[in-house]
Each structure stands twice: as structure tokens, then as C-alpha cells.
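>>> output the structure for:
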Amino acid sequence: MCAAQWVRGQAREGIVDAHSLPDVPAGTYMLKIGMYDAVTQVRFAVSAADGTVLPDGILPLGTIAIP
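Below you'll find the predicted structure:
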């Protein structure tokens, strides 16, 4: 679903956007996401649950381990 169709405050079941990683060396990595306007290439602002604006419009999701 295009982000333009999202409704503020409306719950979604989820959006699947699968990506494969190239040959990544073993290790622990921080997984982060960000979204941007396709026309202007400007990243959207992101806020934490408490309303704090996150720097650079990047939302940290957690860590992943590549064996």
C-alpha cells in the first residue's frame, strides 16, 4: 500500500517489504528504516511513541545477527 493511502491513527495489520542482504560478513548489525517522499526525496520525520522526534527520520528496529 502506498504511504499516501495511510490514515493517521488507523491500525494496519502490517506491510511486507522483503529485501535480501548481499554477502554480509558475520556479525551483529543494527537494523534501521526510514521513508521518504518519492517526488522530493526528502525523508519523512519519525516520532517515538512518547512523541520524541527521532534524528534524521530513522527508526531503529533492533539488532540482527548474521552467523
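
>>> geometric centre of this protein: which residue is closest?
Centroid-nearest residue in the chain: residue 33, 2.5 Å away (criterion: CA atoms, centre = their mean).

>>> now that one, nearest residue through space, not along the chain?
The shortest distance from residue 33 to any non-neighbouring residue, by CB to CB, 6 or more residues apart in numbering, is to residue 59 (5.3 Å). Yep, even glycine has a C-beta here, placed from its N, CA and C like the rest.

>>> please apply the same query to residue 26.
Setting aside the residues directly before and after it, residue 26 is nearest to residue 66 in space (CB to CB, 6+ apart), at 5.3 Å.

>>> any stretches of this structure with poor pLDDT?
Residues of the chain meeting the criterion pLDDT under 70: 1-15.

>>> strands of this protein, start to end?
27-33, 46-47, 53-54, 59-66 (DSSP state E).

>>> can you list the residues that contact the first one?
What that stands for is strand 27-33. Residues outside strand 27-33 that contact it (CB atoms under 8 Å, 6 or more residues apart in numbering): 58-66.

>>> what lines up beside it in the sheet?
Here strand 27-33 is paired, per DSSP bridges, with strand 59-66 (antiparallel).

>>> using PDB, write out every CA atom in the strand it pairs with.
What follows is strand 59-66, C-alpha atoms only, in PDB (Å, rounded to 0.1, in the frame of the first residue of the first chain):
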ATOM      1  CA  LEU A  59      13.600   4.400  13.100                       C
ATOM      2  CA  PRO A  60      15.900   1.800  14.800                       C
ATOM      3  CA  LEU A  61      14.200  -1.600  14.700                       C
ATOM      4  CA  GLY A  62      16.700  -3.600  16.700                       C
ATOM      5  CA  THR A  63      19.700  -5.800  16.000                       C
ATOM      6  CA  ILE A  64      20.100  -8.800  13.800                       C
ATOM      7  CA  ALA A  65      22.900 -11.400  14.000                       C
ATOM      8  CA  ILE A  66      24.400 -12.800  10.800                       C
END
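
>>> nice, that's everything, thank you.
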